[in-house]
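Enquirer: Only the shape, not the letters, is given here:
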């Protein structure tokens, strides 16, 4: 037996008990006549003590050899500690060691195994197994496991069935690039790894499974951006015989359950906002509503004066920055530079200081009267002491720019509190979006999303205006889930593929099995999928998903720890009926 | 709202309530003035009634159009049924329909959606979404979900953490063939899909996760045999600071929990048997111990007589078939033919009838006396009325043949009862096995398995005799789990790779990260992995795993429903830096 207790278990109640402990040496303090060792495992830290009066010489001798991260086993007696440490559960006791076994020695780790480590990102990724020993990473992985467990508990109690869908499926041209898997047995053919189990979960509904969920790995071969992973985990859900309302209710329930169980936070009924309203009010379809700074549209009250920039703009829009009137000229110039960065792309920014005495000071004083600016303040809900920031130009771009500024200012003002949770539903997404590059409409969600009945007539005349039965769950400025009521009849689905530019042959080749299935009695159905990595990070109060993933890949899609991907030998390639086709 | 209740929910308590139901038309009986429709969903069947006296004409008219598998919604009143059906929960009531909406029509399904269907295997696979509507398949998928849920509950309560390990990893030459995934971003390089998360779970132990589990998809590109799938699910577990005993106790607990929760069966402490004993007693390392027919070795009591076949055999071994003495000459001839089939491969079979009067009648009467045969009966524990079947030849082959015969006879005698569960641990597996083809030793389990301390000296002299700290959990003649205590120091691991024929460079290239990890303080650790598909099938009382998998592949590794794998277009291949290398 390697241990009678873990290193988080012992306290004053165990005093005088003989115990066996195992773990890693966190640190060792050798005072000559006395040696203290902090012994660590997943559960905590227990202080060990060796002293010349009470410990055998040979054990003292061995204890002097202990270094950081050695793996040891000790036998000893729990005793009361002289100087107690109230910050840890084991802080009232220590273990007087009677026997010591070194289970494994350890080289000096390449970075310190401490909450604050000296290791850089790259080094920590290469030695991920050491990084996982650190509390911040370890606790995130444990938290992830708890979130998964709570999700499963909740959905299982609601009669959802977890069904595993296949990983070796078929490549589809729609959406992002697939990762593919050459088949040895089917010469010249390839499987694809799923970007999501979308069609399978719909087939499960056709198959009468009624309520399905799955925590499932999905794969996208995209050029990686920061905090994107080629493989990621999705909470995939689908229900039959439901309308949008049923789905929102069910998954609002799940989200509330998670916030309650994991964060001890009770939230009220989630607000709902149409896509259009979200774009107009926050310039963003995933607004962070933990704070205000709502958009005020100023066209009416800023155009037809002498300021040409605004007169020519499609949209003039501003936000009120709480307490911003006290910003110095320099600070405001920094804000202007910030919105002019290429990542944001605004040409400039107009500002108005709402002074405490009711006067205004703006960068466009020569064009606008006090009454004009008063109207701006009303539209942006600015109070005395606030700063109004105004951008203008093409409507969509300007909204995106102001949204970026709003988030930056909220960050600066500390308004994005990680322990505050403000979920909302964004509904009524457009069905289609115009793609400049291919000059055609693409499905905004995916080609299985149903249009709103009352908008179907618009498909012929104004496709961009057709709204979908689609919804996103947004939490603290992140889209954590999205879904839709699906098309469930073969004719509408065929029409949809047609609108999306599929020939009937292409549609049949790619999705024939789904349209076939719809002919054999498909029920009305819909669902939702959550980005599990992101959800866990937000519940954990963090922005980055990386430390919530045990073995993440870097931005080139490499696992630097195991050094993958890697070359294959010729024999293996030949067996797969492949040759390399390299540029060099 | 599509429904107020499911089709399994209504009973006599609901009489006179107005309800809304949705589902599929299971069948419709049109008697002219009255129409009964069985409405089905995942939860059950509710009888609907339409009659000319009480139902509006237009609804009657619509009801007449209903065919099998139409998806409908009805509104109506729960009434008492005249002829009650006590075999289903809703059998006391029916719903008198007031309104009917046809939600979706259905073509005639290619096979009947009944418990006993007229559809053949191939058709059912192509239309798997229809097959899933049938109770036998649907219930198996629901059962699978329950088993997964119970496993997670049990392990979570034992402080195991579920950690997701990556799917895009690195190909290794050891073991079965990998499925590989070409990398677009890393030209000429490939990921591999995991055959198991073996090295990752060991790294999690090095990382201090202490108790890990995961239900995880694994992949093997092997030539498929019946009831093997290229992708399969594993319950993967690992623990740190454990000895073999700790692991056996933990997972015996899990197995008992599953048998209790899912089958309501309490089993006693699992017997343990060494590999050697299992091979000698059952000719098999996964013995089915629901029944006896233990092997009796007969060399001592059958050799040195005049029967040349036995005298020249390395092993003479028999089993007693209960009640087999009553078999006719013809039946015994069939048994002899059975063992002579190429799949079994025995040259012949000697038999002894143990008559009720204490006499013997054997096929070798001219070589053996009554006393000789008496000794055979003792060795095989044959009783009056039994038949002793004896095979002989090279020891390993003969044991395998007799094991096959034992299983066949048990099947014939109905001794393999699907509701009886007889688990056992098989322990002390050999560390290495000789591979005739490559003429070298292979790891029987995998190269990370630790040898027994007391056998390490044998590595130099008799490698085939070295026993491993390896164990299998066997249930009803199936290996449902297997694992080992791992090597946890770098030197032993390097030595092991050397014994297995890896050059130090190969070992470093493939497993360098693991051996590196072992230098930074690896704890003693070990684990086990269960074949989840098989486990679920056995708990469900079935032999075949296929219907416990929602979307299985056929024996050529194809998904015939979605028609995968499939060809890629040239552009996609080019992006992946690949060309096809086809024979034709």
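Expert: Sure, I can see it. Keep in mind the model is a prediction, meaning the values are calculated, not measured. Residues are numbered from 1 along each chain as shown, chains lettered A, B, ... in the order given.

Enquirer: How about the residues of the stretch 401-550 of chain A by chain B?
Expert: Selection of the stretch 401-550 of chain A residues close to chain B by CB under 8 Å from any CB of the partner chain yields A:488-489, A:513, A:517-524, A:549-550. To be clear about C-beta, it is placed using only N, CA and C from the backbone, and glycine gets the same treatment.

Enquirer: Show me which positions of the helix or strand of chain A with the lowest mean pLDDT end up buried.
Expert: Here the helix or strand of chain A ranked lowest by mean pLDDT, DSSP states H and E is strand A:440-443, holding a mean of 87. Buried residues in strand A:440-443, defined by neighbour count with 16 or more other CB atoms under 10 Å in any protein chain shown: A:441, A:442, A:443.

Enquirer: quick one on the thing from earlier: out of the residues of the stretch 401-550 of chain A next to chain B, which is nearest to chain B?
Expert: residue A:521 (3.4 Å; CB to the nearest CB).

Enquirer: and the gap between the closest one and residue A:84?
Expert: Residue A:521 sits at a distance of 70 Å from residue A:84 (criterion: CB to CB, to the nearest Å).

Enquirer: if you count what's nearby, which of the two comes out ahead?
Expert: Shown here are residue A:521 and residue A:84; by other CB atoms under 10 Å in any protein chain shown, residue A:521 has more neighbours (28 against 13).

Enquirer: Which residue is the nearest non-sequential neighbour of residue A:293?
Expert: residue A:319 (4.5 Å; CB to CB, 6 or more residues apart in numbering or on different chains).

Enquirer: From the recorded domain assignment, give the ranges for chain A.
Expert: The record's domain parsing of chain A by automatic domain parsing lists A:12-104, A:127-274+A:418-557, A:291-412.

Enquirer: Could you single out the most deeply buried of those?
Expert: Highest mean neighbour count among the domains of chain A (mean count of other CB atoms under 10 Å in any protein chain shown): domain A:127-274+A:418-557, with a mean of 20.

Enquirer: Can you classify residue A:236 as helix, strand or coil?
Expert: strand (DSSP: H, G, I helix; E, B strand; the rest coil).

Enquirer: per-residue pLDDT, it?
Expert: Looking at residue A:236, its pLDDT is 98.

Enquirer: what do you get for the one 3 residues further on?
Expert: In this prediction, residue A:239 carries a pLDDT score of 98.

Enquirer: wait, doesn't it sit right on residue A:247?
Expert: Yes: with contact defined as CB atoms under 8 Å, residue A:239 counts as touching residue A:247 (6.3 Å).

Enquirer: Residues that sit against both of these two, list them.
Expert: Taking CB atoms under 8 Å, 6 or more residues apart in numbering or on different chains as the criterion, residue A:239 and residue A:247 both touch A:526, A:527.

Enquirer: sorry, back to before: name the nearest of the buried residues of strand A:440-443 relative to chain B.
Expert: When the buried residues of strand A:440-443 are ranked by distance to chain B (CB to the nearest CB), residue A:442 comes first, at 18.6 Å.

Enquirer: could you list every residue that touches the closest one?
Expert: Going by CB under 8 Å, 6+ apart, residue A:442 touches A:432, A:433, A:434, A:435, A:500.

Enquirer: Can you tell me the SS state at residue A:58?
Expert: Here residue A:58 is helix, with the state taken from three-state DSSP.

Enquirer: Okay, it and residue A:318: tell me how far apart.
Expert: In terms of CB to CB, residue A:58 sits 77 Å off from residue A:318.

Enquirer: Residue A:231 now?
Expert: Residue A:231 is 42 Å from residue A:318, where distance means CB to CB.

Enquirer: got the residue ranges for the helices in the stretch 101-250 of chain A?
Expert: Listed from the start of the chain, the stretch 101-250 of chain A has helices (DSSP state H, counting those that start in this stretch) covering A:121-126, A:128-131, A:135-157, A:198-206, A:244-263.

Enquirer: So what does residue A:404 look like in phi/psi?
Expert: Reported as degrees, to the nearest 10, the phi and psi values for residue A:404 are phi -60, psi -40.

Enquirer: Residue A:340 is in contact with that one, correct?
Expert: No: counting by CB under 8 Å, residue A:404 does not reach residue A:340; the two are 11.6 Å apart.

Enquirer: Low-confidence bits of chain A, can you list those?
Expert: A:174, A:584 (pLDDT under 70).

Enquirer: before we move on, back to that, and the helices of the stretch 101-250 of chain A as a markdown table, adding distance to chain B?
Expert: Compiled in a markdown table, the helices of the stretch 101-250 of chain A are given as follows (distance: least, CB to the nearest CB, whole Å):
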| stretch | distance to chain B |
| --- | --- |
| helix A:121-126 | 9 |
| helix A:128-131 | 4 |
| helix A:135-157 | 5 |
| helix A:198-206 | 4 |
| helix A:244-263 | 8 |
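
Enquirer: Reformat those helices as CSV; add distance to residue B:369.
Expert: Listed next are the helices of the stretch 101-250 of chain A as CSV, based on distance: least, CB to CB, whole Å:
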stretch, distance to residue B:369
helix A:121-126, 75
helix A:128-131, 68
helix A:135-157, 67
helix A:198-206, 68
helix A:244-263, 77
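
Enquirer: Contact residues of the stretch 1-150 of chain A facing chain B?
Expert: Proximity of the stretch 1-150 of chain A to chain B, by CB under 8 Å from any CB, involves residues A:1-3, A:6, A:22-24, A:40-43, A:69-71, A:73, A:103-107, A:109, A:127-133, A:138, A:141-142, A:144-145, A:148-149.

Enquirer: any idea how far the nearest residue to residue A:528 once chain neighbours are set aside is from chain B?
Expert: The spatially closest residue to residue A:528, leaving aside those adjacent along the chain, is residue A:483, at 3.1 Å (CB to CB, 6+ apart). According to CB to the nearest CB, to the nearest Å, residue A:483 and chain B sit 17 Å apart.

Enquirer: helix or strand for residue A:483, which one?
Expert: According to DSSP states H and E, residue A:483 maps onto strand A:478-485.

Enquirer: Check which element follows that strand along the chain.
Expert: Moving toward the C-terminus from strand A:478-485, the next element (DSSP H and E) is helix A:490-499.

Enquirer: now for that next one, which elements pack on it?
Expert: Contacts defined by 3 or more CB pairs under 8 Å, 6 or more residues apart in numbering or on different chains; DSSP states H and E place helix A:490-499 against helix A:504-518.
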